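1. I would like the atomic coordinates for the input below:
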Amino acid sequence: MANIKKAIVFDAGVLITFSMNGILGKIKELREIFDGEFIVTDQVKYEVVDKPISIKRFEFEALNVKRLIDDKIIKTPQDLGISKIEIDKRTEKILAISNKTFFERGKPIKIIHNGEASSLALSSILNEMKIMNVIAIDERTARLLCEKPDNLTALFQEKFHSRITANKENYKYFKEFQFIRSSELIYLAFKKGFFDLKDHDTVLDALLYAVKYKGCAISHEEIEEMKKISNLK
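-> Now for the predicted structure:
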């Protein structure tokens, strides 16, 4: 087992957001200042490399992510001696529980998918190992499930225009996880001077709105707050 101090577990969405905005190289720069490991599960690797690499439209982006993995900027659990069998087992359990937590007219609502569930599974293993970690994920539903599950009831009622019921006993399985979005990673990269552009205010604004419109669930109000914090001396 590798001696890991801390880790960021990457979901597919964050890597896709970076790639679509042409800033995937900033992942390498962030890794260089991070005293820990960047990790993706096999399920996430499938979503960002193995599957899209066979599709001409996405092949180039997949190759760029693959290079980060090949160069060990982003590692797999196996690189660190973490069992794939254990991750797969926990992934199945998380999928079974999460996707039987909310119901629309008695029918279970599918909350998360394999990549997200595997990221939660890996995070739970790291938690048991007493390794500080966060999951980098942009998708709102998975974060709300763990941070504010009751808010999902209102969200689904608005979406389905129907009464939603929840098995609140399942909430306890999702309390242990911590998250970061691509917007926070971009903000850190900006503050570290990784973007060699002159107009301070315009650059941060452009970066945050770029990730917002490419998949990161961040509000206009949150963007304005981050800009205000950035301007504090």
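
2. give the contact list for Val48.
-> Contacts of Val48 were listed using C-beta atoms under 8 Å, 6 or more residues apart in numbering, and they are Ala12, Leu15, Ile16, Ser19, Val40, Ala62, Val65. (Glycine included, C-beta is placed from N, CA and C.)

3. what packs against whichever strand or helix holds Leu185?
-> Leu185 belongs to helix 182-191 when assigned by DSSP states H and E. Counting contacts by 3 or more C-beta pairs under 8 Å, 6 or more residues apart in numbering; DSSP states H and E, helix 182-191 packs against helix 12-20, helix 25-32, helix 200-212, helix 220-231.

4. Need the residue closest to the centroid of this protein.
-> Nearest to the mean C-alpha position of the chain, counting by C-alpha atoms, centre = their mean, stands Ile137 at 1.7 Å.

5. how close does it sit to Ile125?
-> Going from Ile137 to Ile125 by C-beta to C-beta, to the nearest Å gives 17 Å.

6. nearest to Gln178, of the helices and strands packed on helix 182-191?
-> Nearest to Gln178, of all the helices and strands packed on helix 182-191, is helix 12-20, at 14.4 Å by C-beta to C-beta.

7. what sits up against the closest one?
-> With contacts defined as C-beta under 8 Å, 6+ apart, helix 12-20 is touched by 24, 26-27, 40, 44, 47-48, 61, 64-65, 115, 136-139, 181-182, 185, 211, 214-216.
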